[in-house]
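Colleague: Have a look at this prediction, sequence included:
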Amino acid sequence: MLALTAASLLIAKVPMTFQDDVAFMKKHVGVHVLGGKTGPAVAVVPEYQCRVMTSAADAAGGPGAGWINYDLIRSGQIQKHINVFGGEDRFWLGPEGGQFSIYFKNGEPFDLEHWQTPALIDTEPFSVVKASASSITCERSGALDNYMGNRFNFHITRSVNLLDAAAAGRYLKTKVPGGLKMVGYETKNVLKNTGSSSWTKDSGMLSIWILGMFKPSPKTTIVIPYLEGSEAERGLIANDTYFGKVPSDRLKADNGVLFFKGDGQKRTKIGVGPKRAVERLGSWDAQAGMLTVVQYTLPGTEDYVNSMWELQDNPFGGDVVNSYNDGPPAPGKKPMGPFYELETSSPAAALTPGAAITHHHRTFHFTGSRASLDALAKATLGVGLDQIEKALK
């Protein structure tokens, strides 16, 4: 029997394994794998800004958790507005929209035709500083101008570290039930002001923005805990108007938890601000039986860059946490993926020359018995699997 190629596996709809993903990427880009040939492993591509492309609890034969754009990588072509290579932890900078945006030129409308991802965080490589079997560190210096014409000179240092169950317990503040398979990793992202001017509210400020792209399914629900309280005290529970109002059958707020569809069928996005955010979010894919939990740096400050595509009344009243569900941008148009995203941001970086800000983003994937996953979901996200599955039916 002939061995199936990656292309034939895709055509046959056979799930890709972690090893399939790594073998494919090695034909096109350099890949550094953290972990061994069995057990937990993480695949990092320095050429894609030291991006975590995918990970697996079972490197030998298990599926990769990250969404990867096989077609774009295989083509070798560079797209105009963004190159959606995929990856479950990629480094970006904010803000995306507004008068301090680094994705739009001054005077241009805030629309898809004029939106441009800076090459430094899209197509240009980071340099490897050091690497081992369990970690890799990359760096890159650069400069960008914002919508107002103010220049930012900076240096980025980014490291990816494999985490074990003990570390997961520390960061998630609960014991991981025995018997679960897991893969966990941390990205430590440092942004340093290397220019001669301070970054202020008058000139605009950058932020570290980490986005994770994951495989959608009809049974995937994104789960975002939030702090309860009045709108007067804490603001909106969620900003649900990024790409038009999110329909009520796709988003629900219930006793301190947001439920949002991650099916890759409708282009929608939500955000949670600093007075509502907690340091965890995640998703439950009932089809794959995978619980994903993200934990991140939440320092308790209120100034976060605003990425809404408009000139803003409050450019530092943005979100800490975002989630995006991909889908067609217009009837008859193809989606970018499809995929769904779990995203976190650092505060706006009010940096004097030589100062730096650090943002940690940690991702954990768990599979195993439903009872153990249910207990872990309750401990980390505040709700059990039954409630998650029923929330948007």
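Modeller: All right, it came through fine. Numbering: from 1, shown residues only.
Colleague: CA atoms for contacts and neighbours, from now on please.
Modeller: Will do.
Colleague: shaky segments in the stretch 1-150 of the chain?
Modeller: 1-14 (pLDDT under 70).
Colleague: Where do the strands of it begin and end?
Modeller: 32-35, 41-45, 51-56, 90-94, 127-131, 135-145 (DSSP state E, counting those that start in this stretch).
Colleague: Ok, which of those strands comes nearest residue 212?
Modeller: strand 90-94 (6.4 Å; C-alpha to C-alpha).
Colleague: Against which helices or strands is that closest one packed?
Modeller: strand 51-56, strand 207-214 (3 or more C-alpha pairs under 8 Å, 6 or more residues apart in numbering; DSSP states H and E).
Colleague: Quickly find the element holding residue 387.
Modeller: Counting by DSSP states H and E, the element that carries residue 387 is helix 385-390.
Colleague: Can you tell me the closest non-neighbouring residue to residue 228?
Modeller: residue 256 (5.5 Å; C-alpha to C-alpha, 6 or more residues apart in numbering).
Colleague: So which bits of the lengthiest helix in the chain are buried?
Modeller: Longest helix in the chain by number of residues (criterion: DSSP state H): helix 370-381. Within helix 370-381, the residues that count as buried by 16 or more other C-alpha atoms under 10 Å are 372, 373, 374, 375, 376, 377, 379, 380, 381.
Colleague: can you check stretch 363-371 too?
Modeller: Across stretch 363-371, burial judged by 16+ other C-alpha under 10 Å covers 363, 364, 365, 366, 367, 368.
Colleague: In helices only, show me the residues you listed.
Modeller: Per DSSP H, the buried residues of stretch 363-371 never map to helices.
Colleague: which residues in the chain form helices?
Modeller: 6-12, 18-26, 70-75, 165-172, 231-234, 370-381, 385-390.
Colleague: List the contacts of the fifth one.
Modeller: Helix 231-234 has contacts (C-alpha atoms under 8 Å, 6 or more residues apart in numbering) with 228, 237, 275, 276.
Colleague: how deep is residue 196 tucked in, by neighbour count?
Modeller: Using other C-alpha atoms under 10 Å, the number of residues around residue 196 comes to 11.
Colleague: wait, what's in contact with it?
Modeller: So residue 196 contacts residue 353 (C-alpha under 8 Å, 6+ apart).
Colleague: And the pLDDT at it?
Modeller: Note for residue 196: predicted pLDDT of 98.
Colleague: so who does the residue nearest to residue 381 when sequence neighbours are not counted touch?
Modeller: Closest residue to residue 381 apart from its sequence neighbours, by C-alpha to C-alpha, 6+ apart: residue 225 at 6.1 Å. Applying C-alpha under 8 Å, 6+ apart, we find residue 225 in contact with 256, 257, 258, 277, 278, 280, 281, 381, 382.
Colleague: Most neighbours out of those, which is it?
Modeller: For the contacts of residue 225, the largest number of neighbours (other C-alpha under 10 Å) sits with residue 281, at 27 neighbours.
Colleague: if I read this right, that residue contacts residue 223, doesn't it?
Modeller: Yes. Assessed by C-alpha atoms under 8 Å, residue 281 is found in contact with residue 223 at 6.0 Å.
Colleague: hey, what's in contact with both of those two?
Modeller: Between them, residue 281 and residue 223 share these contacting residues under C-alpha under 8 Å, 6+ apart: residue 381.
Colleague: hmm, back to that, could you export the contacts of residue 225 to CSV, including columns for pLDDT and distance to residue 81?
Modeller: Below are these laid out as CSV (pLDDT from 0 to 100; distance: C-alpha to C-alpha, whole Å):
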residue, pLDDT, distance to residue 81
256, 98, 36
257, 98, 34
258, 98, 31
277, 98, 30
278, 97, 32
280, 98, 31
281, 98, 29
381, 98, 35
382, 98, 38
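Colleague: Among the residues you listed, name the ones in strands.
Modeller: Of the positions in the contacts of residue 225, 257, 258, 280, 281 sit in strands, assigned by DSSP state E.
Colleague: Chain neighbours aside, what residue packs nearest to the last one?
Modeller: Read that as residue 281. Nearest in space to residue 281, with sequence neighbours left out and distances taken as C-alpha to C-alpha, 6+ apart, is residue 224 at 4.6 Å.
Colleague: I'd guessed the one you found sits against residue 257; true?
Modeller: Yes. With contact defined as C-alpha under 8 Å, residue 224 reaches residue 257; the gap is 5.7 Å.
Colleague: Find residues that contact each of the two.
Modeller: Contact with both residue 224 and residue 257 is made by residues residue 381, according to C-alpha under 8 Å, 6+ apart.
Colleague: neighbouring contacts of stretch 338-345?
Modeller: 67, 207-216, 262-265, 281-282, 294, 296, 304, 319-327, 359, 361.
Colleague: thinking again about what came up before, widest-spaced pair of the ones in strands among the contacts of residue 225?
Modeller: 258 and 280, at 12.0 Å, using C-alpha to C-alpha across those.
Colleague: Before I go, just wanted to say thanks for your time.
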